[in-house]
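Enquirer: Sequence and predicted model, in that order:
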2 protein chains.
Amino acid sequence: MGQATITDVARRAGVSAATVSRHLRGQRVLEAVAITRAVDELAYVPNPVARSLKSGSTFAVGVVVPDVTNPFFAAVVKGIESATHDSRYSVFLCNTDESAERERLVLAQLMGRVDGLILAPATETAEHPTDLRRSGLPIVFLDREVHSAEGFDSVLIDNEGGARQAAEYLIGLGHRRIGVISGPLNTTPGRGRHTGFMQALAAADLELPPEYVQIGDFREDSARQAAFRLLALPEPPTAIFAANNLMSIGVMRALHAMDIRVPGQVSFIGFDDLHLGELLNPPVTVIDRPTVEQGVLAMRLLRNRIEHGSPQPPRQIVLDTHLIIRGSCAAPVP
Amino acid sequence: MGQATITDVARRAGVSAATVSRHLRGQRVLEAVAITRAVDELAYVPNPVARSLKSGSTFAVGVVVPDVTNPFFAAVVKGIESATHDSRYSVFLCNTDESAERERLVLAQLMGRVDGLILAPATETAEHPTDLRRSGLPIVFLDREVHSAEGFDSVLIDNEGGARQAAEYLIGLGHRRIGVISGPLNTTPGRGRHTGFMQALAAADLELPPEYVQIGDFREDSARQAAFRLLALPEPPTAIFAANNLMSIGVMRALHAMDIRVPGQVSFIGFDDLHLGELLNPPVTVIDRPTVEQGVLAMRLLRNRIEHGSPQPPRQIVLDTHLIIRGSCAAPVP
DNA sequence: TTGAAAGCGCTAACAT
DNA sequence: ATGTTAGCGCTTTCAA
């Protein structure tokens, strides 16, 4: 049998397909009741693909993130998803595994199937995202930008400011030997947090030996290894900063594996809240920021852009971070 | 300008649209080079919507889960996503917030836009999922089924067995007063784990007073409150079992808030691993099971079903659980 | 108010 | 090997 088409309904109701179409769009029609009945009897549902071909819009948006498993992106996706509830939009979710190459593939696959894109690019340096500009597809950058992303909407957070908060907190506690585990410097948050943190150190006349500064990849394992390296130093740091949630977990694991007391021997502060933060041993102090809201805002910007086109100037929303003091930081032991 | 169409390419290459189409599908054509050049110059990309309308398949699958934020489902989604990499499929992700009503909406929205569905239904009792049967759309049930889901593929885990393992472990430790916080009994894992746990207790001649048995909703807060109730009992349990990861967190929070030593005063075991399990205070003992694999398997079943139709009998895959002993369980204090 | 007809972009017969 | 034609299901002129 397959799905009933509008022609089937029209035939059954004794009208033309055009009339059925009009009725469905809400226009006044004489045979309204007959049509409604035919629709019910045939369990007719308009074919969205045909509709899209005709109308040129798919009522779908693409969401491209580096890692759905990361609780931060999971929360963002939930926010995006919930912001579609009062609309007809569906969400195409794609994972890039932090790979610019996969991102290229995924973006190509999405082209033509969506009315807009929410993109957290794997790197700032890739060019394909701005290639999209030519396509005229509305894009909102999420949490991360790309170089020459001017002209696009974005929802970011104050990475520099947040990292500065973290550094100042550690410095205020009296730490001078601070280990930092940054994310990839070719990502917005990686670079921003690195810069902010180093600036705050410099402002306090602190210059770190190069081996105190490690670059991870925003994933757990890189940070675990970086932490091992830091702690194996002849003069190990008295405090460590990790630039995102997954790396925080990596550091905590290293600390745990080496049986290092926190904050007794080493203080620790992370960027991004850990959902179980206060249940951890010890409860971990972090720089937090809105997550679900970031997704909601991104979707709002995107819908606005899709529905009203490009007349408005690009909007850049920057959200604030805040420090959640729990129990993983203390003054250094003398 | 908009996107170039196949006609534009054809005109530019001096051939017909059909020839361009053939070339793109890999057939031998004389003007191959001219066509390739035209494609490049115009940055032509075939319109997937038009293709879908013609071919009847969308190369998209719908994935409907109760909560993306739940690390279990996040992992499953990652598995599904990764299993699409070597194919042309994209993933429509939808969240139902554990609501059968939202699920109905979401499913309706997905109809006609996807070639198949991976569904973790909000409840076993809703009928709309099997209404889908009439549509002939391939469906794989994930982690949860619905009543009368015979005839559909599914990827489940041994909920009864896993819960039994947990109960037997606690009993073996010497516990007799055991509090259980089950999930909704109208979901497959909720009912299965409840049944398995109670069976194991019965097999050990343990009959629990009714107030020891609480029913939560698989979310953190319900379990936190249930735990408070259990622990406020005149004779509180010496051990608690929670039926999923989020509820485990709820219980841990309650325990933490009441300053109850674990496992000193109360032992705790959860179903589903907590990613930070061993970093928690105390490290928590859990029943674990494959997650990403569950997603990968679901996608494989679905692709198989989409590509080969219904000739094969429905496949039901049931994966095993296993106990991870960490530090949250001990013998009860006398 | 309604039907006929054209067309969205692509592909598959069919004819050459 | 290639072009012509028709049609996927729907919407939207244009006439009536």
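Expert: Great, that's in hand.
Enquirer: can we go C-alpha only for contacts and neighbour counts from here?
Expert: Fine.
Enquirer: Quickly note the distance from the residue of the stretch 151-300 of chain A found nearest chain B to residue B:146.
Expert: Chain B sits closest to residue A:280 of the stretch 151-300 of chain A, with a gap of 4.4 Å, by CA to the nearest CA. Per CA to CA, to the nearest Å, residue A:280 is found 37 Å from residue B:146.
Enquirer: State the helix or strand in which the single nearest residue of the stretch 201-334 of chain A relative to DNA strand D lies.
Expert: Nearest residue of the stretch 201-334 of chain A to DNA strand D: residue A:307, at 14.9 Å (CA to the nearest atom of the strand). Per DSSP states H and E: residue A:307 is located in helix A:292-308.
Enquirer: can you tell me the average pLDDT over that helix?
Expert: Averaged over helix A:292-308, pLDDT sits at 95.
Enquirer: ok, now stretch A:98-113?
Expert: 91.
Enquirer: What residues sit buried inside that stretch?
Expert: Neighbour-count burial for stretch A:98-113 flags A:98, A:100, A:102-104, A:106-107, A:109-113 (criterion: 16 or more other CA atoms under 10 Å in any protein chain shown).
Enquirer: neighbours around residue A:314, how many?
Expert: 15 (other CA atoms under 10 Å in any protein chain shown).
Enquirer: wouldn't it be in contact with residue A:151 here?
Expert: Yes - if you go by CA atoms under 8 Å, residue A:314 and residue A:151 touch, sitting 5.5 Å apart.
Enquirer: All the helices of the stretch 101-250 of chain A, residue numbers only.
Expert: Counting by DSSP state H, counting those that start in this stretch, one finds helices in the stretch 101-250 of chain A at the ranges A:128-135, A:159-173, A:188-203, A:220-231, A:245-257.
Enquirer: Under the pLDDT cut-off, which ranges of the stretch 101-250 of chain A? List them.
Expert: When residues are selected by pLDDT under 70, those of the stretch 101-250 of chain A lie in A:130.
Enquirer: Let's see that with 90 instead.
Expert: A:105, A:108-109, A:124-136, A:146-151 (pLDDT under 90).
Enquirer: Tell me which residue of it lies closest to chain B.
Expert: Counting by CA to the nearest CA, the stretch 101-250 of chain A gets nearest chain B through residue A:112, at 5.9 Å.
Enquirer: how far away is that residue from DNA strand D?
Expert: 15 Å (CA to the nearest atom of the strand, to the nearest Å).
Enquirer: residue contacts, that residue?
Expert: B:47-49 (CA atoms under 8 Å, 6 or more residues apart in numbering or on different chains).
Enquirer: at 6 Å instead, please
Expert: Neighbour list for residue A:112: residue B:47 [criterion: CA atoms under 6 Å, 6 or more residues apart in numbering or on different chains].
Enquirer: Around chain B, pick out the residues from the stretch 201-334 of chain A.
Expert: A:280-281 (CA under 6 Å from any CA of the partner chain).
Enquirer: Swap in 8 Å and give it another go.
Expert: A:249, A:252-253, A:256, A:276, A:279-282 (CA under 8 Å from any CA of the partner chain).
Enquirer: Now for the residues you listed: which two are most distant?
Expert: A:256 and A:276 (16.1 Å; CA to CA).
Enquirer: More neighbours: those two, which one.
Expert: Using other CA under 10 Å, the more surrounded residue of residue A:256 and residue A:276 is residue A:276, with 18 against 15.
Enquirer: quick one, what contacts the more buried one?
Expert: Neighbour list for residue A:276: residue B:249 [criterion: CA under 8 Å, 6+ apart].
Enquirer: And for residue A:292?
Expert: A:75-80.
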